[in-house]
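*Asks:* okay, predicted coordinates and the sequence, questions at the end:
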Amino acid sequence: MMINKEPCLFALEASRDFGERVADHLKLALSPHEEREFEDGEHKTRPLVSVRERDVFVIHSLFSDGTATVNDKLCRLLFFIGALRDASAARITAVIPYLCYARKERKTQPRDPVTTRYLASMLEAVGTDRVLALDVHNVAAFQNAFRCRTDHLEANKLFAHYFAATLEQQEMIVVSPDIGGVKRAEQFRNMLSQCASREIPTAFMEKHRSRGVVSGAAVVGPVAGKIAIIIDDLISTGTTLLRTAEACLHRGATKVFAAASHGVFTERANDVLRSDALERVIVTDTVAPVRLQPDRVRDKLVVLQAAPLFADAIQSVHDGGSIVELLEWP
C-alpha cells in the first residue's frame, strides 16, 4: 500500500491549543474536521478532508477539564479514529499526551479491573495502528497492554535542562516519592547528571498505600544540605508530593522542587500546593491546569513545552526514524 508522503495532522477541539503548538513546530496546518453536538447529548466527529492512503495523526489528551469528562473525550477519540479507518486512512496514530486510565494497570484487590488493557482493546477495535504517549504510569504495562505499536516519550530531558539551568552549581538530589518510582528517578538522575556535568545523588521516600490510605514517612538518601527534586509521572491531589517535601525538609533539605510530567491537579491540589514546603512545581503542557486557582499556587507553577517533543516524534514516526534517539542525551 502506497502512503501519501505528507502526513495528515488532526487535533480534536479540546486539545486544539496543544495541537496547534505541535503543528507550528512541524510547519504544518491542522487538517479540518467536524465535531457536531446533538440535542440528546450524543455527538459525531469526522474529517473534512480526504484521508485515503494518508498517514494520519490524531492529537487528543485524555483528561477531564470541567467542560468535558475524560470518558467523553475518550469516546470522541474512538469515534474519530473509527471514521478515519472507514475513510481509508493508510495508517492512524493516536497521539495521546496524557493517557487516561493508565494508573490501574494491574489487580491489587480481588476482581479488580485492569483498565489499561481495556483501553488498549477499545483503541485497537476502532482501527488504531499506533499509540504515542508521554510518561505513562507504568511503561511495561502500557507496552504489554497493546497489540498495536506503541511509542513512549519521556520528559526527562525537558526537566534536566530546566533544573541544570535554574539551579546551576547548587547541590541537588533527585527524590522518588515511593519505591515504585525509583527506576523513573534513576533515569532522570542520569539525564540530569549528564546535563549538569556532575553526578547527582538519589533518594526515595517510604510509602505504603492500602485502600486509599497512605502511610510511611522515612526518606532514604543523603538529602541534608541539598535541594531536593521530587520526580513523578503525575500530580493529582498533591498529597504524596507534600508528604515527601515535608519529610525531605525534616531531614535537612534546603529547598524542595517538584517535577511531574502531567499536572492533573484536582481541586484539593490548591490547598496542598500552597504549602511553604514546596518551592516550585514544574509540569509539562500535556494537561491544562484548569483547576488551579490564580494565586500562590499558580505563582509556583512552571509549565514546560512538550509539544515540540511530540512534533519531533510524529515526524520520526512518519519518516520511519528512531524515537529512542529523541530521548537520549544530548
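*Replies:* Arrived safely. Note that the coordinates shown come from a computational prediction; the quantities given were computed from them, not determined experimentally.
*Asks:* what ranges do the strands span in the stretch 201-330 of the chain?
*Replies:* Using DSSP state E, counting those that start in this stretch, the strands of the stretch 201-330 of the chain run over 202-205, 208-210, 213-215, 219-220, 227-235, 255-263, 280-284, 301-304.
*Asks:* return the most buried member of these.
*Replies:* Neighbour counts (mean count of other Cβ atoms under 10 Å) averaged over each of these peak at strand 255-263, with a mean of 25. C-beta coordinates here come from the backbone N, C-alpha and C atoms, glycine included.
*Asks:* quick one: mean pLDDT for that one?
*Replies:* Averaging the model's pLDDT scores along strand 255-263 yields 98.
*Asks:* could you do stretch 33-43 as well?
*Replies:* Per-residue scores along stretch 33-43 average to 94.
*Asks:* got the buried residues for it?
*Replies:* Across stretch 33-43, burial judged by 16 or more other Cβ atoms under 10 Å covers residue 33.
*Asks:* off-centre distance for that stretch?
*Replies:* A distance of 28 Å separates the centroid of the chain from that of stretch 33-43, by Cα atoms, centre = their mean, to the nearest Å.
*Asks:* just the endpoints, please. Distance across it?
*Replies:* One end of stretch 33-43 to the other measures 13 Å (Cα to Cα, to the nearest Å).
*Asks:* kindly report the same for stretch 98-111.
*Replies:* End-to-end span of stretch 98-111 (Cα to Cα): 26 Å.
*Asks:* wait, isn't residue 314 in contact with residue 26?
*Replies:* Yes - using Cβ atoms under 8 Å, residue 314 and residue 26 qualify as a contacting pair, with a distance of 6.6 Å.
*Asks:* now do the shared contacts for the two.
*Replies:* residue 9 (Cβ atoms under 8 Å, 6 or more residues apart in numbering).
*Asks:* okay, those two: which has more neighbours?
*Replies:* residue 314 (24 against 20; other Cβ atoms under 10 Å).
*Asks:* what helices or strands is the helix or strand harbouring residue 189 leaning on?
*Replies:* In this assignment (DSSP states H and E), residue 189 forms part of helix 182-196. Contacts defined by 3 or more Cβ pairs under 8 Å, 6 or more residues apart in numbering; DSSP states H and E place helix 182-196 against helix 156-167, strand 172-176, strand 202-205, strand 227-235.
*Asks:* ok, what's across the strand from residue 303?
*Replies:* The partner list for residue 303 in beta bridges (DSSP bridges) reads residue 283.
*Asks:* now it: how far from residue 263?
*Replies:* As judged by Cβ to Cβ, to the nearest Å, residue 303 and residue 263 stand 8 Å apart.
*Asks:* which residues are common contacts for those two?
*Replies:* 283, 284, 289.
*Asks:* and the last one, how many residues sit next to it?
*Replies:* Yep, that's residue 289 we're talking about. 19.
*Asks:* my guess is it meets residue 263, correct?
*Replies:* Yes - counting by Cβ under 8 Å, residue 263 is a contact partner of residue 289 at 5.3 Å.
*Asks:* so what sits against both of those two?
*Replies:* Counting by Cβ under 8 Å, 6+ apart, the residues touching both residue 289 and residue 263 are 283, 301, 303.
*Asks:* I'd like the residues you listed as JSON lines, with distance to residue 267 and pLDDT appended.
*Replies:* Shown next, in JSON lines, are these (distance: Cβ to Cβ, whole Å; pLDDT from 0 to 100):
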{"residue": "283", "distance to residue 267": "17", "pLDDT": "97"}
{"residue": "301", "distance to residue 267": "15", "pLDDT": "94"}
{"residue": "303", "distance to residue 267": "19", "pLDDT": "96"}
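*Asks:* where do the helices sit along the stretch 51-200 of the chain?
*Replies:* Secondary structure of the stretch 51-200 of the chain (DSSP state H, counting those that start in this stretch): helices at 70-86, 115-125, 139-145, 156-167, 182-196.
*Asks:* any chance of JSON lines for those, columns distance to residue 327?
*Replies:* Supplementary listing: the helices of the stretch 51-200 of the chain in JSON lines, determined by distance: least, Cβ to Cβ, whole Å:
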{"stretch": "helix 70-86", "distance to residue 327": "25"}
{"stretch": "helix 115-125", "distance to residue 327": "22"}
{"stretch": "helix 139-145", "distance to residue 327": "12"}
{"stretch": "helix 156-167", "distance to residue 327": "7"}
{"stretch": "helix 182-196", "distance to residue 327": "9"}
